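Peer 1: Return a 3D structure for these sequence lines:
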Amino acid sequence: MSAAAVRRPFKANWGARIGWVLLALYCVYATWSLDFSWARFVSGLDNGARFLGAMFPPEFTRWRMLVDNLIETLEIAVIASAFGVAFSLPIGLVAARNLMPTWATWPARTLIAICRSFHPVIFAILFVKAVGFGPLAGIITLVFASIGFIGKLFAEAIEEISLKPVEACRAAGAPFMSVIFMAVLPQVLNRFIGFATYQFDANLRNSTMVGIVGAGGIGGTLFAAFQRFDYDFLAAILLSIIALVMLGEYLASIVKAVFND
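Peer 2: Alright, predicted model coming up:
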């Protein structure tokens with residue numbers, strides 16, 4: 001039997017094994033340096049049980065306040081998603097390197113990178129400082145977040161298209177916008193609808209979060225309930241947010257079904 005025939009089919013990868021061991025050692029070191037302990041974990045479970053006990057039953061007597069805040073949260077998410085998607089289309093198109101020259105793609109990609117550089121809460125703090133407390137800061141925050149996410153994915157989707165329809169349109173003398181509408185958008189429309197509906201879902205969740213720093217929505221009420229130790233009302237807010245997110249997911253599925261059929 002030759003040497004090739006007796007060669008082990010699953011040869012040990014010592015480099016990978018050493019890497020896993022180093023990763024495990026680092027996790028142990030990081031846990032130790034961050035002062036984690038089993039006693040602290042057990043104590044946290046006890047505190048968590050008492051916290052959950054204080055949250056039930058949820059208190060829905062202030063339902064008018066809940067409804068008003070949920071409507072404001074939904075409005076922030078819808079407006080921010082509409083403007084974010086509208087701005088992301090041209091920015092993502094300009095950022096596509098297979099269609100645009102380098103001098104055009106770099107500024108667009110720099111803008112997308114800036115929009116993706118910070119968490120929405122950090123953007124919300126900046127815009128609350130700039131335009132004051134309220135929904136406007138939340139809307140601007142989520143528009144930036146939408147551009148960072150959809151713009152990047154849209155540019156990458158365009159870069160993966162087949163260029164044969166594009167070249168055929170150009171050879172037929174079609175102007176630039178006709179090339180975009182006839183040869184580019186049909187190839188990426190379904191993916192773009194998917195990106196947009198996902199971003200709407202993300203904006204719906206983020207619009208509840210940016211309110212914690214004063215950018216409108218139900219997040220401000222949530223934070224106030226925490227500060228007042230009003231845990232039964234806090235449970236009502238959390239259940240309302242879950243219902244709102246589930247409603248958004250249902251609406252997103254309807255939109256995708258309309259465009260995909």
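Peer 1: Counting neighbours, which bits of stretch 70-78 end up buried?
Peer 2: Neighbour-count burial for stretch 70-78 flags 70, 72-78 (criterion: 16 or more other Cβ atoms under 10 Å). To be clear about C-beta, it is placed using only N, CA and C from the backbone, and glycine gets the same treatment.
Peer 1: What ranges does the stretch 51-200 of the chain have for its helices?
Peer 2: Along the stretch 51-200 of the chain, counting by DSSP state H, counting those that start in this stretch, helices occupy 63-95, 102-117, 120-131, 135-159, 164-171, 176-179, 185-209.
Peer 1: one step back: show me which of the buried residues of stretch 70-78 is closest to Ile125.
Peer 2: Distance to Ile125 across these (Cβ to Cβ) is lowest for Ile76, with 16.1 Å.
Peer 1: Rebuild the buried residues of stretch 70-78 as TSV, extending it with pLDDT and distance to Ile114.
Peer 2: Below are the buried residues of stretch 70-78 laid out as TSV (pLDDT from 0 to 100; distance: Cβ to Cβ, whole Å):
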residue	pLDDT	distance to Ile114
Leu70	87	31
Glu72	89	28
Thr73	88	26
Leu74	88	28
Glu75	90	26
Ile76	90	22
Ala77	89	22
Val78	90	24
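Peer 1: Export the residues you listed as JSON lines, with columns for distance to Pro135.
Peer 2: What follows is the buried residues of stretch 70-78, written out as JSON lines (distance: Cβ to Cβ, whole Å):
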{"residue": "Leu70", "distance to Pro135": "13"}
{"residue": "Glu72", "distance to Pro135": "6"}
{"residue": "Thr73", "distance to Pro135": "9"}
{"residue": "Leu74", "distance to Pro135": "11"}
{"residue": "Glu75", "distance to Pro135": "7"}
{"residue": "Ile76", "distance to Pro135": "5"}
{"residue": "Ala77", "distance to Pro135": "10"}
{"residue": "Val78", "distance to Pro135": "11"}
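Peer 1: Need the winner for burial among the helices of the stretch 51-200 of the chain.
Peer 2: Highest mean neighbour count of the helices of the stretch 51-200 of the chain: helix 135-159, a mean of 24 (counted as mean count of other Cβ atoms under 10 Å).
Peer 1: okay, the angle between it and helix 63-95?
Peer 2: Using axes from the mean of the first three to the mean of the last three Cα atoms, to 10 degrees, the direction of helix 135-159 lies 40 degrees away from that of helix 63-95.
Peer 1: just how off-centre is helix 135-159 within its chain?
Peer 2: 9 Å (Cα atoms, centre = their mean, to the nearest Å).
Peer 1: got it, and stretch 119-136?
Peer 2: Using Cα atoms, centre = their mean, the offset of stretch 119-136 from its chain centre is 17 Å.
Peer 1: got it, and stretch 219-235?
Peer 2: With Cα atoms, centre = their mean as the basis, stretch 219-235 stands 25 Å off its chain's centre.
Peer 1: Let me see the residues that make contact with that stretch.
Peer 2: With Cβ atoms under 8 Å, 6 or more residues apart in numbering as the contact definition, stretch 219-235 has outside contacts at 51, 54-59, 62, 65-66, 69, 73, 207-214, 237-238, 241.
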